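> Just to be clear, the model below is a prediction. Sequence and coordinates:
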Amino acid sequence: MQTLLFLIVFPILVACLLLFVKRTTLRYAVVTLSALAIGGASIYLLMRYAFEGAVYFAAPSEAVGLAMVIIEMGLALFIIYMGAKFRNYLAILLAAIQAVLVVYLEMTFSGSLHAANNLFIDQFSIIMALIIGLIGSLIAVYSVRYMETYHRHHPEVRDRQTFFFFVIFAFLAAMFGLVFSNNLMWIFFFWEITTISSFLLIGYSETEEATKNAFRALVMNLLGGVAFIVAIILLAATEPTSGGIDLARVLASGDTAIVLIPAVLIGFAGITKAALMPFSSWLLGAMVAPTPVSALLHSSTMVKAGVYILVRFSPVFAGTFAGFSIGLVGGVTFLVASAIAISRSDAKSVLAYSTIANLGLIAACAGVGTYMLVWAAILLIVFHAVAKALLFLGTGVIEQRTGSRNIEDMEGLIVRMPKMAVMMFIGIAGMFLAPFGMLISKWAAIEAFVQVPFGLVFIAILAYGSAVTVFFWAKWMGKLVTVTRNTERVEKGFFKEPWAPLYIITGLVIAAVLLFPVISSALIEPYVLAIYGVTALMEQANVAIMLLMMALLLVLPVSFLLFKRTARHLPAYMGGRPSTPDLQFAGSLGLTREAQTRNYYLTEYFGEAKLFRPGAAVCIVLILVSWVLAGVAL
Amino acid sequence: MPERIIVPFGPQHPVLPEPIHLDLVLEDETVVEAVPSIGYIHRGLERLIEKREYTEYVYVAERICGICSFMHALCYSQGIEEIMKIEVPDRAHYLRTIWSECSRLHSHLLWLGLFADSMGFENLFMRSWQLRESVLDVLEDTTGGRVIQGTCKVGGVRRDIGAEKLAEMHRALDPFEAQCRDLGDVFLNDETVKYRLQGLGVISKDEAYALGAAGPTARGSGVAMDHRETGYAAYGDLGFKPVVETAGDCYARCAVRVKEVYASIDLIRRAISEMPEGSLDVKVKGAPDGEYFSRVEQPRGEVVHYLRGNGTKHLARARIRTPTLANIPPLVKMLPGAQLADVPVVVLSIDPCISCTER
Amino acid sequence: MSTMAFLKRSPWILHYDASSCNGCDIEVLACLTPLYDVERFGIINTGNPKHADILMITGGINELNRAVVRNLYEQMPEPKVVVAIGICAATGGIFRECYNIAGGVDKIIPVDVYVPGCAARPEMIIDGVVTALSILEEKRAKMTGAAQIKDDARQAAGETT
Amino acid sequence: MTVNEEQTTIGVALEDLTREVKALQTDGYRLVQIGCTDTGGAYEVNYSFDRGYQYRNLRLTVGPETEVPSISDIYWGAFVYENEMHDLFGIPVNGINIDFKGTFIKTAEKYPFSVTRRGGDQCRNA
Amino acid sequence: MGIFQMTKTVLRNLAGGPATRQYPAVPARTGPLTRGHVVFDPATCRSCSLCSKRCPCEAIRLDKEAKVWEIDRMRCIACGDCVESCPFGSLAMEPEYFSPVVEHVVERYTITYVKPEKPAKKPADESAGA
Amino acid sequence: MNWLIGAVLFLILAPIGGGLIAGIDRKITARMQGRVGPPLLQPFYDVGKLFEKERAVVTTAQNFYVLAYLIFIALSGALFFAGGDLLLIVFAFTLAHVFLVLGAYAVHSPYSHIGAERELIQVMAYEPMIILAAVGLYMVSGSFYVTDIVTTTVPAILYLPGVFLGFVVILTIKLRKSPFDISTSHHAHQEIVKGITTEFSGSTLAQVEIAHWYENVFLLGFVFLFFAWNPVLGIIAVAVTYLAEIFVDNVTARARWQAALKSGWLATLLGIVNLAILSYMMLGGA
Ligand code: SF4
Ligand code: SF4
Ligand code: SF4
Ligand code: SF4
Ligand code: SF4
Ligand code: SF4
Ligand code: SF4
Ligand code: SF4
């Protein structure tokens, strides 16, 4: 319990402290030390609670509850102020509605809004806490140097680094709070904090575009927030005495029909936060934020809150048609976002779309919600978080070093920044290749969907979707490994500090693959067992084979040494035309041209313009259908 | 945003038997820019007139190109004959017609094969070239050379085809035509071939005319222009109508050539039946003095030999404008918008013959 | 292992038209077609210097082709042979006196076999390849021999140190 | 059905060239070729046109260094001939739409057909 | 409707066996007119040098003094002009092709023709008689 | 231990079998074109020859990727013949191809690059169908394990005609046969030269070739699964399927990538419809 409280409160304290730290070196020290503390605490959490199942804590509620309402009101006022300042009336409206609803809730059910236990921890929370505690704090450490460079590259942006780190740490606290809370009111409170953090960080550079995108994110998340609070009111109304805001009780409630409507509403909130279609646009827009923000909020942690809540509610969804259609929203998002990613050459945009796609896949698993799918979903959360964080941070380094985050400009990275290229390679491999994590989860998902009625839809989606995924990842990977000649190495001379988090995260990606049987048996399987009474298991033989593949992959590079000496080096084939080593040749009209190898983007087929609208339309229909179905079930 | 790929296409490229180079600028696989550049076969043979007497120059003219070698010899000889006012015997006209049409047959069959190959239809390539061999056998039996015939000369022809051989050729035409029609059916009706050709590299009638397109490239766009209509050699006697298609795409150009194969077979058949008796050549004395633009319809279109004599054994100028050169501007217009996979198809659809283009 | 001799059974060719009149070119192509079918001898027209063992050149090299021919030749892995097809490729042929003709492939790269004729016939081209095969085999033996010597030298050096 | 072919050649002055060509184009002639002849000290440039097998030549006579205006804005395809004219004869052509700048046909000898070449006829193959 | 238009040909090829001429097991196909290579008969050549004048490729060289007649096989395009021009039938065109060689071949013959002791009138009579 | 025997036998025999199949393929193709064709053992001569050639590379890294390609192709085949999990095999198979693609990327040459892109398009075209075929076999036999699928007594083909047809379509892609030989082809004349293998020469190219043999045997093994309940019929079906592929190769022009992608995905759709009907029947029956 102390650990839990520590994890929630400590980052807030650090956040406040950082408001007053202006020197980079000092800030670096503070951030590193607190990161160590937070990381250490989350590991301690793992060791302390991993084998205990769900543990509940009755935390002080009255005072905290009141404080939360006050803060919420303050935030609502802040949003209204900002909305007025930037003339975004929709945000004002939504914030006002939320405030009214919160007040209404407090007034109407004030006496009965009690959860038996406000805090709890189980294996799933531990996994989330580890992601937040380890990856989150690594990203925070990385950010210090990144932001310093960022401001050197962008002198036009007002230097608000103290504020930046305040928000980052406040956000970490909120995330911990969110995954440890058993009280839906609390969850809602933390949920709103993450929304605000995201809003503030997206708008960090204060450019017009950033502000616009920040508001877009805000509006969409507030929309989810409204749904969330409505769900709480409904729950409170249905069970006024016992306080239907106790998460554990809600989930355990046998009366699925009654819980289903609130669950679907909360699921909707999850959809907005996880940026599934049709709300995916806010996440794309969020890419204007500095890269660590994208890594932290918009891929490895905050958006995971959306799928976290979906996975939490998946026992409710399981077997219902409403859940099935939420799953389909995820499925369609997975397919469409993966397809759109093909047409993107901006690395962050690709990462964003791939994030959306994977969140969609997780939502698909959660919505359908059988035990094997929940198992797969959690596995996806883990692997996605590590690999994606690595890719975002790597992209950040590359962008700061080479001045571009266009994938085409990463051509020959293996020559220019070998270490970085290898890390990116591992990150990308982590996203789509056997035996890395994401693929294991997809595989598990296929095996699980086969056993679900109408699971064929999802299998089809997965079959197409993963093929599409191969395309855009492999071509990026290809760019990295292209051996260009006459290119200069630019790795050196960069700050040393950001590398440490990168190495550690790379290590985590590999460790996650090597240790995934352990992760599965120690954390995920017990959780699934606790919820469903059955659990998913990997075949031992397959695990062995995958470890063998991994070992092969690790050993194969040694073969490089074999080839080194013997071969004669020839220039590339240029149709017989003489060319220079960097592929310049004498072209028509007397021009000297350079052969360009560029990836395919197939915009005609997979362009955003082509796919987004239909995908979004389908998803809107599916969301509406899920509401109707939930209503019908009642 | 699609990124631009730049590929050096050629001069050595397996799909194009002859060296031509293109700098292809692609977006994905769509061609946005393709500038052809030539010059890999420019030998400078026009200046060989300084070394060769006008009668010997026929050998050089033949080797302007090894595919329609006979046609070049014919065009050259006709030009000199026109300048020197030589009347060529009728039999020579007929023999020239037969060999011309044989050349056209072998050239078109060769092209059909290469064209099939450019679409990745290997079997069709093999089949076309297998049929072509029968034409080459006839050419070898009647002239002594498979691809370079060496039988046309100023003032007539050097070799005769005996009555027996003519009869044999005549007999062989029917089965040969049947085989060609089977082959043509594949080109004209096969779905995969149509899928590759239709709507590709479209060039309208007006555009084709304005750009100066020649031969099947023009006729595929509906420009009814075929120099055999002017009735040189025996075409005037035999009668001739150009084969025209209107779609202006690669399919139309292919169809024109397929149908010209049938037409050529028909012409040969009639030339054999109407073959007059008589001598093969007339004696050529003196030296040409004067100028003439000699024009002949080659498989690829109209060729122009501008010959100018100055009263000596050596010509003052020979300038050869070949159909491919005239078809390069249309080609430049056809390429953008095509797919990379279609580049060889489009390029081949004008039946480029770089050898004579550059001389 | 100099006893292996797959090379003779699988000569892959690369054909380049270095300003020929097409006559010899089309005869090279004709070799691939049913009536001559050089695949009987394991010959494949690769169209790619990196895969080829035999470089077949037709035509006397013109100005632009000098660099191209050299480039193609250099891109071919050893052992390799060059076959000059047609008298153009042998000496420049009838175009020998043209201002733009270098006059024979051997002016640019070493030629191992000349196939005379204008145009060279498919049968002669086949003969030319067959002649080239033994030269190819010799070169391979020499190459492995050289490698052997190098290896021995390396070993000897290793032993002494 | 056999059409009689006629050939006519008309001299044209440098300043009238574009106008005459334009007139022929309006009349529905197509461009067949442009070719030069070195007449020892000067060039004859033949612009050949055809309509229904009727052959018309505009003959322009220019000195070695005279700039000739391009007709490629009238006949788009003229660039092949005009580039050739430049590369082989060294006649400067003004304003070609696709100007290869001397790389259309690369020759071992500069302007092999040029009037200035005469006399320097050396044998290289000996 | 032509999805598999080529089927007919394929089946015919499968049934009919290969069309390949099995060169070199079967000798090359030649016709009576086939221009393979020029052969020279040193016993009848009278060094008139017509052949070398007519040759478009300068493939024939004749040294009257040394009685040497040369043909450069790497230059001859087998056009047959020399054969046609030789007034004494010393040259003939054989249909067989000249085989590939590993180096430049110039065939050199020493002319063995000896002018007959008879008066100069005789040959004219002979040809008139023939 | 059975599984080990299967895997080892595959590793040893598949190159021999694959080479022979390639030889027969070339022979039959030649006959269809009215030619005599190469000797039966020609593929072995070719590979032997390639090993005799000098090692020439554009970049040393290419050898590494190609070796990885070979190893993972062999691994997925071995897993298959060891009776492993079909999905895992499919993923290992994809991994192998990604290595080949990376090899082509690594050399930084225009034609290899385009070949690599096209190869990726091909992967995108065929992968859904392979996954679906695995799922189909699961639905029929109740297991993803090849061991179980082979021993099932259910005539899979009767339940999965659509899936099988779809599989045959993508088999054309996989065997690199016309009309879908877009990334590289056995025929010489490609608009992108040799595409993905343009820059591989000598023993590296030989490895690609051997990998291809492994791959073909594996794919034909996959075809066999549809007929596994009757081994004799299965072998006949495999032979007929392969002949049909050769036939199609010989009577079609090469497609553009768009058509390859569409065909692959439409074939998958066919498979999905088949499976939908099947699952409807199974639901109805249950
Ligand atoms: S058009 Fe072609 S085939 Fe005819 S002569 Fe010219 S180069 Fe030869
Ligand atoms: S003369 Fe001979 S070498 Fe020259 S092009 Fe003709 S066939 Fe070839
Ligand atoms: S050798 Fe003769 S046929 Fe061959 S390319 Fe030269 S001129 Fe043409
Ligand atoms: S270099 Fe000049 S003189 Fe000598 S052969 Fe060539 S063209 Fe004739
Ligand atoms: S062949 Fe001899 S004489 Fe003739 S141009 Fe060449 S070098 Fe001069
Ligand atoms: S062979 Fe050559 S040098 Fe001799 S006469 Fe004939 S053209 Fe002149
Ligand atoms: S055949 Fe022709 S080229 Fe050969 S030597 Fe006789 S005249 Fe000269
Ligand atoms: S071969 Fe005949 S033409 Fe030639 S020199 Fe002898 S006799 Fe005269």
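All right, it came through fine. Numbers count the residues shown, from 1 in each chain, chains lettered A, B, ... in the order given. Ligands and ions are numbered 1, 2, ... in the order given.

> Can you pull the poorly scored residue ranges out of the stretch 351-500 of chain A?
Along the stretch 351-500 of chain A, the parts satisfying pLDDT under 70 run over A:486-498.

> hey, where'd the helices end up in it?
Assigned helices in the stretch 351-500 of chain A, in chain order: A:371-402, A:413-416, A:418-432, A:437-450, A:455-481, A:499-514 (criterion: DSSP state H, counting those that start in this stretch).

> Of all those helices, which one is nearest ligand 2?
When those are compared by Cβ to the nearest ligand atom, helix A:455-481 sits nearest ligand 2, at 43.8 Å. Every C-beta, even on glycine, is put in place using the N, C-alpha and C of the backbone.

> Give the buried residues for stretch D:16-31.
D:17, D:20-21, D:24-25, D:29-31 (16 or more other Cβ atoms under 10 Å in any protein chain shown).

> Over to stretch E:44-64?
Result for stretch E:44-64 [16+ other Cβ under 10 Å]: buried residues E:45, E:47, E:50-52, E:54-57, E:59-62.

> show me where chain C has helices.
Taking DSSP state H, the helices of chain C run over residues C:23-30, C:65-75, C:86-91, C:122-160.

> ditto for chain E
Under DSSP H, chain E gives helices at E:7-16, E:50-54, E:81-85, E:121-129.

> Mind picking the two most distant members of the buried residues of stretch D:16-31?
The largest separation in these, counting by Cβ to Cβ, is between D:Leu17 and D:Arg30 at 17.3 Å.

> residues in chain C within reach of ligand 8, list them.
Taking Cβ under 6 Å from any ligand atom as the test, the list of chain C residues beside ligand 8 is empty.

> What's the separation between the spatially closest residue to A:Ile309 that is not a sequence neighbour and F:Gln62?
Distances taken as Cβ to Cβ, 6 or more residues apart in numbering or on different chains put A:Gly270 closest to A:Ile309, at 4.5 Å, once the chain neighbours are dropped. Distance, A:Gly270 to F:Gln62, using Cβ to Cβ, to the nearest Å: 46 Å.

> And the two? Which one has more around it.
A:Gly270 (32 against 25; other Cβ atoms under 10 Å in any protein chain shown).

> all strands of the chain, in order?
In the absence of a named chain, this looks at chain A. In chain A, the segments counted as strands under DSSP state E are A:55-57, A:119-121, A:568-569, A:584-586, A:592-594.

> right idea, wrong chain: chain B
So, for chain B - with DSSP E - the strands run B:4-9, B:21-27, B:30-37, B:152-153, B:156-157, B:289-298, B:301-310, B:317-321.

> Tell me who's in contact with whichever residue of the stretch 151-286 of chain F sits closest to chain E.
Nearest residue of the stretch 151-286 of chain F to chain E (Cβ to the nearest Cβ) works out as F:Val251 at 3.8 Å. Contact analysis of F:Val251 by Cβ atoms under 8 Å, 6 or more residues apart in numbering or on different chains lists B:123, B:190, E:4-7, E:10.

> Which of those residues sits closest to B:Gly220?
B:Asp190 (18.3 Å).

> show me the contacts for the closest residue to the closest one other than its chain neighbours.
In this structure, B:Asp190 finds its nearest non-sequential neighbour in E:Gln5, 3.8 Å apart by Cβ to Cβ, 6+ apart. By Cβ under 8 Å, 6+ apart, E:Gln5 lies in contact with B:185-186, B:189-191, B:193, F:251.

> do the same with B:Glu207
B:221, B:330, B:333.

> quick one on the thing from earlier: against F:Ser201, how distant is the residue of the stretch 151-286 of chain F closest to chain E?
32 Å.

> And for B:Asp281?
With distances taken as Cβ to Cβ, B:Asp281 is found 55 Å from F:Ser201.

> Also A:Gly576?
Distance from A:Gly576 to F:Ser201, by Cβ to Cβ: 16 Å.

> rewinding a little: out of the helices of chain E, point me to the one whose mean pLDDT is lowest.
Among the helices of chain E, helix E:121-129 carries the lowest mean pLDDT, at a mean of 45.

> And chain F, is stretch A:472-481 touching that?
Yes. Using Cβ under 8 Å from any Cβ of the partner chain, stretch A:472-481 reaches chain F at A:474-475, A:477-479, A:481.

> show me the contacts for the residue in chain E that ligand 3 sits nearest to.
Of all residues in chain E, E:Ile77 sits closest to ligand 3, at 6.2 Å by Cβ to the nearest ligand atom. By Cβ under 8 Å, 6+ apart, E:Ile77 lies in contact with B:59, B:63, B:148, C:87, C:93-94, C:118, E:56-57, E:59.
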